[in-house]
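In: with the sequence up front, the predicted model follows.
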Amino acid sequence: MKRKLKQLSIFEIIAYSALLLLGLWGLVYTLLGFICEFLSPYSGLRYANSYVRNVFGTSFLTCGLIVLGVSVVVSVIVLLVNAKKSDRDFEKAQRRAARLKKKPEAEVVDVTSSPAE
């Protein structure tokens, strides 16, 4: 049986793309934070990490984890909203199909005639 896939709306495409980029940004910051932990104290990346810590109060690692967490939470919310909308449309189509299938048919009655007395 062939199953028709639901087309994505413009909002879904834009939201998934933006959240993917946000997640990649968080992943890069997290990886930079891990790398900074094992570098020598005189490297440029370590200086950048200390500068970010002084300006924002968090290092690359915690900033990356925060951004990654936000992107995951928002992604889950968008997925849940669109799944609920899709389920509602599917149930509506099922009810309509059942209603169209259940048309009342004319009942055929066999009649026999008896001779008049």
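Out: Structure's in. What do you need?

In: buried set for stretch 85-93?
Out: By neighbour count with 16 or more other Cβ atoms under 10 Å, stretch 85-93 contains no buried residues. Where you see a C-beta, it was placed from the backbone N, CA and C, and this is true even at glycine.

In: and stretch 22-30, by the same measure?
Out: Buried residues in stretch 22-30, counted by 16+ other Cβ under 10 Å: Leu22, Gly23, Gly26, Tyr29, Thr30.

In: what do you get for stretch 41-56?
Out: Arg46, Asn49, Val52, Arg53.

In: now that stretch, how far from the chain's geometric center?
Out: Remark: stretch 41-56 is offset 35 Å from the chain centroid, using Cα atoms, centre = their mean, to the nearest Å.

In: excluding its backbone neighbours, what's nearest Gly23?
Out: Ser71 (4.1 Å; Cβ to Cβ, 6 or more residues apart in numbering).

In: OK, contacts around the one you found?
Out: Leu19, Leu22, Gly23, Gly26 (Cβ atoms under 8 Å, 6 or more residues apart in numbering).

In: that one and Ser50: what is the separation?
Out: Counting by Cβ to Cβ, to the nearest Å, the gap from Ser71 to Ser50 is 26 Å.

In: how about the helices of the protein, start to end?
Out: 10-37, 44-56, 60-101 (DSSP state H).

In: out of the buried residues of stretch 22-30, who's nearest Gln94?
Out: Gln94 has its nearest neighbour among those in Gly23, at 35.0 Å by Cβ to Cβ.
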